[in-house]
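Visitor: What follows is a predicted protein model with its sequence.
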There are 2 protein chains.
Amino acid sequence: MSSSTFSLSDAGAACPGDARPCATSAADLPTEQSGRCSSCAMRNICMPAGLDAQAYARLDEVICTSRRVARGDSLFRAGTPFHSIYAVRVGSFKTVVAHPDGRQQVTRFDLAGDALGLDGIHDDRHTCDAIALEDSVVCIIPFHRLETLCSEVRAMQRHLHKMMSGEIVRESGLMMQLGNMRADERVAAFLLNISQRMKARGYSPTEFNLRMTRDELGSYLGMKLETVSRMFSRFQREALIDARGRLVRILDLERLKAV
Amino acid sequence: MSSSTFSLSDAGAACPGDARPCATSAADLPTEQSGRCSSCAMRNICMPAGLDAQAYARLDEVICTSRRVARGDSLFRAGTPFHSIYAVRVGSFKTVVAHPDGRQQVTRFDLAGDALGLDGIHDDRHTCDAIALEDSVVCIIPFHRLETLCSEVRAMQRHLHKMMSGEIVRESGLMMQLGNMRADERVAAFLLNISQRMKARGYSPTEFNLRMTRDELGSYLGMKLETVSRMFSRFQREALIDARGRLVRILDLERLKAV
DNA sequence: CGGCGCATTGAACTTATTCAAACGATGTGG
DNA sequence: CCACATCGTTTGAATAAGTTCAATGCGCCG
């Protein structure tokens, strides 16, 4: 259930070399110059430890643009051609897969530092929608250029593979939740997962603001929004959490782990 | 829900060059020389189209051993060090992830031509058990050597990435099933998936022998074995299938698709 | 033949869903 | 500034879906 990811740069930093080679697809516009991965606040979340200066320089050449996505807008949609993967720099996203009959399921919630779009590699088109849960900024990583970089820098190749494998592991953990756990266990596991990810990002692991609705959360956890709400209410009654709407404070981490 | 995979060779073909560099982990013993990917019956399942002769030659250097796994034995276990990925040449496997509390869930069923072990890349140890459902043979693909090959042959790099991405897509499809579908829909989707995979392998898409128990199938589909059994009985009653134990004949593909 | 593992079926029970109503926050227009 | 509409959330009661428990059946191997 770890959340390995990619790249990116400090949101404020300006891009020093405007003449750097920087092709990106029209669909990714509007774009802007991004800062450097080497100085990015999310570096420790996205990148492997021990990348040397030269590797960072190469990486900065590949990831040269970023894009703003307003709350509710999509970063990409299922069926559209795949060109790039994305790293969340600011904000958060949900990804949604749709069934032909109209049903749909949230399969991910991504925070700053997480990578999106790996599903698109398989047959050169995205298989899901990525929707911003709040006004967000992503780094754009043209995939064919990343592949070139990976064939030249072994540490980057390693990292990409670990990232994709990590996604496979993450999803099989989710399948375990959906297939085996009761509603209360799933909600508890979700809260613990968010807690851990917030902690990894330097935020409080016991107090955070969920960006998704109960409906979106229910979709992710394979239950109805009413059930999610009841579980929150129950945890509140049992003094495991203090939830006021989307603001959650974890009161008893240990008992929450004990399901 | 496609099932992309890797490599391998005809089970019968002998390895011509015994002096070829062929390091493999002790855990992978007992091994034997494998044949060539270039002449493998599963080639079209595992490999990208249009790989040239030189690429196949390189691949044959990487995949030089195979291993027999008796029914019920494990190919690898959760927690053991990761060195290689595997391609099923003969037989079939289930993979099982275990929860600390003892519960476990089947997350995959692999047929000949499918690749196993990609989960282990993430942190250099396997995260699940792979158990043979019948006496089987796998090709062993030392991962660090595959990575080297991928950095040199662009088509192989492409293929590895597509394979991993395909696994991510496959799993999100599963999540959709587990999160959104009713028991009857899941069983129907499973039968259709097997049907399609049998067809891709040149077998009858309407008549096949399931290698797993109702319990294993229930675990995979997030329901109890009794529920699986009831769904089979119901489909039988409605003349969608003709099932005698594990032998399944699909009578009405269209109505089965209609859930 | 007897025993074992797996599968099927029924009936009672548990869990989550559905439907419905009401509440609270937020934002808009009068 | 208040009234009102909207959107998301909470809660209750009835219903449906799947589970649990238990009994029986079937096929295979020793």
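Guide: Arrived safely, thanks for sending. Worth saying up front: this structure is predicted, and the values here are computed from it rather than measured.
Visitor: count of neighbours near the nearest residue to A:Arg103 once chain neighbours are set aside?
Guide: On the basis of Cβ to Cβ, 6 or more residues apart in numbering or on different chains, the spatially nearest residue to A:Arg103 that is not a chain neighbour turns out to be B:Asn180, at 5.1 Å. Every C-beta, even on glycine, is put in place using the N, C-alpha and C of the backbone. Other residues lying near B:Asn180 total 18 when counted by other Cβ atoms under 10 Å in any protein chain shown.
Visitor: Over to A:Ala132?
Guide: Should you count by other Cβ under 10 Å, A:Ala132 turns out to have 23 residues around it.
Visitor: for the one 10 residues further on, same thing?
Guide: The local packing count at A:Pro142 equals 20, with neighbours defined by other Cβ under 10 Å.
Visitor: Now do the longest helix along chain A against helix B:154-180, angle only.
Guide: What stands out as the longest helix in chain A, according to DSSP state H, is helix A:154-180. Note on geometry: by axes from the mean of the first three to the mean of the last three Cα atoms, to 10 degrees, helix A:154-180 and helix B:154-180 are set 20 degrees apart in direction.
Visitor: Briefly note if the helix or strand following helix A:154-180 comes near DNA strand C.
Guide: Secondary structure here is assigned by DSSP states H and E; on that basis, the next helix or strand after helix A:154-180 toward the C-terminus is helix A:183-200. Yes. If you take Cβ under 7 Å from any atom of the strand as the test, helix A:183-200 does meet DNA strand C, through A:Ala183, A:Asp184.
Visitor: quick one: average pLDDT of helix A:183-200?
Guide: Confidence for helix A:183-200, expressed as mean pLDDT, is 97.
Visitor: packing partners for that helix?
Guide: helix A:154-180, strand A:207-209, helix A:214-221, helix A:225-237, strand A:247-250, helix A:253-257 (3 or more Cβ pairs under 8 Å, 6 or more residues apart in numbering or on different chains; DSSP states H and E).
Visitor: Pull the distance from that helix to the chain's centre.
Guide: The chain centroid and the centroid of helix A:183-200 are separated by 15 Å, computed with Cα atoms, centre = their mean, to the nearest Å.
Visitor: anything in that helix near DNA strand D?
Guide: No. Shown here: helix A:183-200 not in contact with DNA strand D (Cβ under 7 Å from any atom of the strand), separated by at least 10.8 Å.
Visitor: Any buried residues in that helix, and which?
Guide: Neighbour-count burial for helix A:183-200 flags A:183-195, A:197-198 (criterion: 16 or more other Cβ atoms under 10 Å in any protein chain shown).
Visitor: Could you tell me which ranges of chain A sit under the pLDDT cut-off?
Guide: For chain A, residues meeting the criterion pLDDT under 70 lie at A:1-35, A:64.
Visitor: Tell me how it divides into domains.
Guide: As assigned by automatic domain parsing, chain A contains the domains A:26-166, A:181-257.
Visitor: for A:Ala115, phi and psi?
Guide: phi -100, psi 140 (degrees, to the nearest 10).
Visitor: residues near it, how many?
Guide: Counted with other Cβ under 10 Å, the burial measure for A:Ala115 works out to 26 neighbours.
Visitor: In three-state terms, label A:Arg89 for me.
Guide: Here A:Arg89 takes the strand state, with states given by DSSP: H, G, I helix; E, B strand; the rest coil.
Visitor: show me where the stretch 1-150 of chain A has strands.
Guide: Assigned strands in the stretch 1-150 of chain A, in chain order: A:32-33, A:65-69, A:74-76, A:84-90, A:93-98, A:104-110, A:115-116, A:129-132, A:136-142 (criterion: DSSP state E, counting those that start in this stretch).
Visitor: In a markdown table: the ones you listed, plus distance to B:Val248.
Guide: Supplementary listing: the strands of the stretch 1-150 of chain A in a markdown table, determined by distance: least, Cβ to Cβ, whole Å:
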| stretch | distance to B:Val248 |
| --- | --- |
| strand A:32-33 | 56 |
| strand A:65-69 | 46 |
| strand A:74-76 | 38 |
| strand A:84-90 | 40 |
| strand A:93-98 | 28 |
| strand A:104-110 | 27 |
| strand A:115-116 | 38 |
| strand A:129-132 | 35 |
| strand A:136-142 | 44 |
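Visitor: who in chain A is up against DNA strand D?
Guide: A:213-215, A:225-226, A:228-230, A:232-233, A:243, A:245-246.
Visitor: By neighbours, which of those wins?
Guide: A:Val228 (23 neighbours).
Visitor: Next up, the contacts around it.
Guide: With contact set as Cβ atoms under 8 Å, 6 or more residues apart in numbering or on different chains, A:Val228 has these partners: A:Ala183, A:Val187, A:Arg214, A:Leu217, A:Gly218, A:Leu221.
Visitor: I'd guessed the third one sits against A:Lys224; true?
Guide: No. At 9.1 Å, A:Arg214 and A:Lys224 do not qualify as touching, with contact defined as Cβ atoms under 8 Å.
Visitor: Could you say which of the domains of chain A is packed most deeply?
Guide: Across the domains of chain A, averaging neighbours per residue (mean count of other Cβ atoms under 10 Å in any protein chain shown) puts domain A:26-166 on top, at a mean of 19.
Visitor: hmm, that one touching DNA strand C?
Guide: No. Under the criterion of Cβ under 7 Å from any atom of the strand, DNA strand C is not reached by domain A:26-166; the shortest gap measures 10.6 Å.
Visitor: chain center to that domain, what's the gap?
Guide: Averaging C-alpha coordinates over domain A:26-166 and over its chain gives two centres that are 8 Å apart (Cα atoms, centre = their mean).
Visitor: hmm, back to that, greatest separation within the buried residues of helix A:183-200: which pair is it?
Guide: The largest separation in these, counting by Cβ to Cβ, is between A:Ala183 and A:Met198 at 22.9 Å.
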